[in-house]
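[1] just a sequence and a predicted model for now, questions to come.
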Amino acid sequence: MSDIKQYDAVVVGAGFSGLYALHRLRSLGLSVQTYERGSGLGGTWFWNRYPGLQCDTEAMAYTFTFDPALYRRWNWSKRFAPWHEILDYANFVADELDLRRDIQFDTTVVSAQFDEDRALWHIGLEGGEQVDARYFVPAPGPLNAANIPPMPGLENFSGEWYHTGEWPIEQPDFAGKRVAVIGTGSSGAQLICALNSVVSELTVFQRTAQYITPARQRPLDESARAAWKDNIERLHEEMRQSAFGAPGTSTARSAHEDTPEQRDAVFQAAWDHGAQAFALATYNDLNTDEEANSWAADFVRRKIASIVTDPETARKLMPSYHFGTKRPVKADGYYEAFNRDNVHLVALGEEPIVEITENGIRTSEQEYEFDVILFATGFDAVTGQLFKIDIRGRDGQTLKDKWRNGVEVRTNLGVTTSGFPNMFLLQGPQAPSIMASYLFGIQINVDFVASIIEEAEKRGAGLVESTRAAELAWSDFCQALAERTFVLKTESFWTGANIASKPRPEIITIYMGGIKVYADRLEDIIAHDFKGFRFIPEHEGEAE
Ligand code: NA7
């Protein structure tokens, strides 16, 4: 008898998708082991702990809805949950569902090799241990592999430096320090808003100006929570029928239906409302109609001009690409921060960074001295963390090779890819994931994977695998969805173009069709005998 541990399923990652997968798969009667590289739960929220970090989906929608009783037992303090409260919530979920006994922390999965003869995955852990599982379920997170740009001289810097996605557990103290922030996405914007009144000098290095609308953070009182809790069954259904996966995040109205004055009033109301309202609930053609897009973009640019007092700074802060083609940033007090005497803006398009020096950052124009450099430079998104695991499917083919190092990623619904039987990706490429309300997307994703595995168990199938035709159809559909919008016109982590050294995808790795279309498709597949999936009886190799 081998002393290699055997499980029905191994889940990689104890973020929210890994936690829910552990719960669902265990409830099918399977033995499940979860490995987590961090020393605590929460996935991305475990690693990102920078000042100002909060979720930009409303907290009441960033909560599992699969069990209304569980939903009602949790209380968020604010409209947008701060990171530490989200970590508390992850721990609450794990305790309520008794998940911790099947999670091994501080354990990195480094390899996973499909063994065709035994219909098993051999999973390698850092340190050399190997375990076997019938099902391999990577849930490493789409925004988890920190992108630290190769800047010459960083090793010479005598001060402290951090990346937002690999933040130290012990909070550094920035009071009175001279701080550089590189990057102005969601992380950079939140940092800038939180730090500007704490540090002595804050210098922002901006590669591309962003469209930033207010989040409108506020405390949540009991009546606001009750409005959700008392109606969660109905709201769950509303989320299921929506595109984003949260109530109040869509509209059927075209910007062409309104006069310029009416449009301004609609944009202003969304600006005042905060959250996703400006990007999602103003007009339905912002991403597809040139004029509609320019009206939204102009509105934000006019806001920048009216808020920022120095015209030169305002000019540098104004984005010129299509609105909504980078992930919309929501932050309170972002543009106002640049009116402070201690906040400075460097537009890298006009003044590029040449090197990091012992004392700070040298641009083409001058050397700036800093005590701290903060990289808010984002992630090797979607495939970055997945590619860190040496995953090998049929015939020893690596996932990286199959997907041509990210150039041609092909999945069936974001959950499977042919040649890798019994491997189920959670929030993987071409799943709703980062393009929808995250926890709601996770539930749909995991429930679908659980349905497939349940069916495989029922049929006594040793293996289940997507057909090549199904993954071609789904990934082509994802690409076609993107081509209908302006997204491909801008370089962003959505298009895999945020990292200079990364090969550019020919097929987009994100799915933009929304929750309803996705969930309808999953239901249809289940209703039609899991079309697109092959259940292969044990000992029959590849034959159906
Ligand atoms: P993002 O949204 O990818 O933002 C990264 C920022 O860093 C963005 O402004 C980038 O400019 C900038 N960047 C990236 N590389 C460089 C280099 N080499 N030099 C200068 N500036 C650079 O990541 P975030 O962490 O802010 O947000 C990711 C998600 O995490 C977010 O959507 C939330 O869901 C949480 P660019 O615009 O690419 O020119």
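    Everything's here; your move.
[2] up against the ligand, what does the chain have?
    143, 149, 164, 182-188, 207-208, 326-327, 348, 376-378, 493, 498 (Cβ under 6 Å from any ligand atom). From N, CA and C alone the C-beta is placed, and that goes for glycine too.
[3] show me which of those are buried.
    Buried members of the residues of the chain next to the ligand, counted by 16 or more other Cβ atoms under 10 Å: 143, 149, 164, 182-188, 207-208, 326-327, 376-378, 493, 498.
[4] in helices, which of the residues you listed appear?
    Among these, the ones falling in helices (DSSP state H) are 186, 187, 188.
[5] residue 63: which of these is nearest?
    Taking Cβ to Cβ as the measure, residue 186 is the one of these closest to residue 63, at 19.9 Å.
[6] quick one: residues contacting the most centrally placed residue in the chain.
    The residue lying closest to the centre of the chain (Cα atoms, centre = their mean) is residue 434, at 4.0 Å. The contact partners of residue 434, by Cβ atoms under 8 Å, 6 or more residues apart in numbering, come to 142, 143, 327, 381, 382, 427, 494, 510.
[7] you'd agree it is in a strand?
    No: Residue 434 is assigned helix when assessed by DSSP: H, G, I helix; E, B strand; the rest coil, not a strand.
[8] and it, what's its pLDDT?
    Looking at residue 434, its pLDDT stands at 87.
[9] how about the one 4 residues further on?
    Per-residue confidence at residue 438 stands at 92 (pLDDT).
[10] residue 270: which element?
    Using DSSP states H and E, residue 270 sits in helix 260-273.
[11] put the alpha carbons of the following helix or strand past that helix into PDB.
    Next in sequence after helix 260-273, counting helices and strands by DSSP H and E, comes helix 277-280. The C-alpha trace of helix 277-280 is given here as PDB (Å, rounded to 0.1, in the frame of the first residue of the first chain):
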ATOM      1  CA  ALA A 277     -23.400  53.300 -11.000                       C
ATOM      2  CA  PHE A 278     -21.400  55.500 -13.400                       C
ATOM      3  CA  ALA A 279     -19.900  52.700 -15.400                       C
ATOM      4  CA  LEU A 280     -22.800  50.300 -15.400                       C
END
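[12] against which helices or strands is helix 277-280 packed?
    Under the contact definition 3 or more Cβ pairs under 8 Å, 6 or more residues apart in numbering; DSSP states H and E, helix 277-280 sits against helix 260-273.
[13] what mean pLDDT does the helix it packs on have?
    Averaged over helix 260-273, pLDDT sits at 98.
[14] what's in contact with that helix?
    Contacts of helix 260-273 (Cβ under 8 Å, 6+ apart): 213-214, 216, 255, 258, 277-278, 281-283, 295-296, 299, 303.
[15] in contact with residue 412: list those residues for me.
    Taking Cβ under 8 Å, 6+ apart, we find residue 412 in contact with 418, 466, 467, 470, 471, 474, 532, 533.
[16] setting aside sequence neighbours, what's the nearest residue to it?
    residue 466 (3.7 Å; Cβ to Cβ, 6 or more residues apart in numbering).
[17] what's opposite that neighbour in the beta bridge?
    In this structure, residue 466 bridges to residue 533 when assessed by DSSP bridges.
[18] burial count for it?
    The number of residues packed near residue 466 is 26, by other Cβ atoms under 10 Å.
[19] before we move on, what about residue 491?
    18.
[20] where along the stretch 151-300 of the chain do the strands fall?
    160-163, 178-182, 201-206, 212-213 (DSSP state E, counting those that start in this stretch).
[21] would you list those strands in CSV and tack on mean pLDDT?
    Compiled in CSV, the strands of the stretch 151-300 of the chain are given as follows (pLDDT from 0 to 100):
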stretch, mean pLDDT
strand 160-163, 98
strand 178-182, 98
strand 201-206, 98
strand 212-213, 98
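[22] give me every residue that touches the residue of the stretch 1-150 of the chain found nearest the ligand.
    The nearest approach of the stretch 1-150 of the chain to the ligand comes at residue 149, 3.3 Å away (Cβ to the nearest ligand atom). Going by Cβ under 8 Å, 6+ apart, residue 149 touches 182, 375, 377, 499, 500.
[23] is it true that the third one touches residue 151?
    No: taking Cβ atoms under 8 Å as the definition, residue 377 is not a contact partner of residue 151, at 9.6 Å.
[24] which parts of the stretch 401-544 of the chain are strands?
    Using DSSP E, counting those that start in this stretch, strands in the stretch 401-544 of the chain cover 461-466, 533-537.
[25] just these: most buried one?
    Among these, the stretch with the highest mean neighbour count (mean count of other Cβ atoms under 10 Å) is strand 461-466, at a mean of 22.
[26] which single one of the ones in helices among the buried ones among the residues of the chain next to the ligand is nearest to residue 353?
    Closest to residue 353 out of these is residue 188 (14.7 Å), distances taken as Cβ to Cβ.
[27] ok, and the closest non-adjacent residue to the closest one?
    With Cβ to Cβ, 6+ apart as the criterion, residue 188 has its nearest non-adjacent residue at 3.4 Å, and that residue is residue 376.
[28] then residue 162?
    Per Cβ to Cβ, 6+ apart, closest to residue 162 is residue 374, 5.7 Å.
[29] next, the one you found: phi, psi?
    Here is the backbone geometry of residue 374 (degrees, to the nearest 10): phi -110, psi 120.
[30] re earlier: can I get the strands of the stretch 151-300 of the chain in TSV with distance to residue 31?
    Compiled in TSV, the strands of the stretch 151-300 of the chain are given as follows (distance: least, Cβ to Cβ, whole Å):
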stretch	distance to residue 31
strand 160-163	37
strand 178-182	45
strand 201-206	49
strand 212-213	47
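[31] what residues sit buried inside the longest helix along the chain?
    In the chain, taking DSSP H as the definition, the longest helix is helix 438-459. If you call a residue buried by 16+ other Cβ under 10 Å, then helix 438-459 has these buried ones: 438-457.
[32] same thing with stretch 514-531?
    514, 515, 516, 518, 519, 521, 522, 525, 526, 530.
[33] what sits against the fifth one?
    Contacts for residue 519 (Cβ under 8 Å, 6+ apart) come out as 240, 444.
[34] if you set the cut-off to 10 Å instead, what comes out?
    239, 240, 241, 245, 432, 440, 441, 443, 444, 445, 447, 448 (Cβ atoms under 10 Å, 6 or more residues apart in numbering).
[35] re the thing from before, closest one of the contacts of residue 434 to residue 479?
    residue 510 (10.1 Å).
[36] so where's the protein uncertain?
    Scanning the chain for pLDDT under 70 picks out 1-2, 539-544.
[37] and what about residue 76, helix, strand or coil?
    Relying on three-state DSSP, one would call residue 76 coil.
[38] ok, now residue 135?
    Secondary structure assignment for residue 135 (three-state DSSP): strand.
[39] pretty sure it is touching residue 114, no?
    No: in this structure residue 135 lies outside contact range of residue 114 using Cβ atoms under 10 Å: 11.3 Å.
[40] overlap of the contact sets of the two?
    Contacts common to residue 135 and residue 114, judged by Cβ under 10 Å, 6+ apart, are 120, 121, 421, 422, 423, 463.
[41] what helix or strand is residue 94 on?
    Applying DSSP H and E, one finds residue 94 within helix 83-96.
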